[in-house]
Structure formats: structure tokens, C-alpha cells
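> pasting the structure only:
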């Protein structure tokens, strides 16, 4: 029988005890969810070119995933935060320089909205929501004017998918409809009736009937 040093036996015994005491564990990590996209319009222009501004037309295309964020200029990319993906509801915001109402006049009909979105006119600096239960004291500063969009068939915002919210906008002078709802579950909040600014909302049903509303502004 081979002789073993007592020191070696003691070291081996300590090592075995240490191994028995080791208990592997699993550490819970915080969730790392990708935030929904926020797309900020900072110009009243109606263009789709790579420049220093992000227009409403471009914002809709980014939300639809038909204009890739990677193809935007650096200045345009700076107006997109989060990650616009089809599984989230993105938000189109406004931060157009200048005081007072900022009027966007599309030169042709805007692209149809094919992915759920929140269009938030109250994100524009200087606006405020309605707080008067008996009237309307909201301050609106984003106007969508369709007088240059075409004499027939032009709509302000055309929804081909449900799950959308529109708030804080004035929409007027479109030849077909201010809001064209070719979908269900589209919320427009706090309508304001006025003499000079109005929108027509047309909602298609299976039998091709439509309804019109003459009112403007949303909460």
C-alpha cells in the first residue's frame, strides 16, 4: 500500500468539502424590452428626400416600414427613437419650429397608414389638451390642409389597419375625407366643432356605405 502524506490527505479533504458546499444559482436579470418607435416630424414640408428634416410623409412611411430608418440621413435618423417594428404601436410626434399654428399642405395624398400608430398633435410645443367639460379650450397647433392634395379622392389620413389613435390635430380642405377609415378600431378623441376648420370622416363598411362628420380637432 502506497504511503500518502497526511498533508495531502488533508488538502484533498478540504477540496472535497469546498466542492460539496458550492451551489450553482441563477440570477434574475431585468427585462430588456425594445421600446416602441417615436417618430418626430420637424418640418411642414411635404417631401421624401434625404435631407435635414423629417416630414409627415416620411414619418408615415417609416411607421409603415416602407422607408427604412437605416436609409435616412443622420439628421433624419436623429428624429427617430426606439425601434419601429410591426409588433408595437409607434407614435408620430411633432416638433416643428415656430410659433402659432404649423400648417402641413401635402402636394399629393399622403400614404395610407398600414401599421397601427398614434398621431399626437399635442406633442407640438405650445399645445394643450381640453380641460373644459362644457366647451373646448384646447390649444391646437398642427393643421393638415388638403387644399393642394388634389381635387378628387384625396384624404388627410387614410387608415387601412385598426388600433390607431389621432389626437390634437386640425384637418381640413381635403377633397374626399379628412379621415378615411378603411378599418375598425380607430380612435379620434374630443371632436371640436367649428365654422372654418372641419374634416369629413368616411368609414367604409362591407356594403360600401360611409358616414360623414363635419367637425375638427381631437383631444
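Arrived safely, thanks for sending. Note that this is a predicted model, so its numbers are computed, not measured. Numbering: from 1, shown residues only.
> quick one: residue 51 is in a helix?
No - checked against DSSP: H, G, I helix; E, B strand; the rest coil, residue 51 lies outside a helix; its state is coil.
> name the nearest residue to it, sequence neighbours excluded.
With sequence-adjacent residues excluded and distances taken as Cβ to Cβ, 6 or more residues apart in numbering, residue 51 is closest to residue 73, at 6.3 Å. Bear in mind the C-beta positions are built from the backbone N, C-alpha and C, glycine included.
> also residue 82?
residue 35 (4.0 Å).
> and if you look at residue 52?
Closest to residue 52 by Cβ to Cβ, 6+ apart is residue 75, at 4.1 Å.
> isn't the one you found up against residue 49?
No - using Cβ atoms under 8 Å, residue 75 makes no contact with residue 49, being 11.9 Å away.
> higher neighbour count, these two?
Neighbours around residue 75 and residue 49, counted as other Cβ atoms under 10 Å, are more numerous at residue 75. The numbers are 13 against 10.
> how much space between the more buried one and residue 68?
According to Cβ to Cβ, to the nearest Å, residue 75 stands 16 Å off from residue 68.
> over to residue 86?
Taking Cβ to Cβ, one finds residue 86 at 13 Å from residue 68.
> wait, what's in contact with the residue nearest to residue 82?
81, 82, 83 (Cβ atoms under 8 Å, 6 or more residues apart in numbering).
> fine by me, we can end here.
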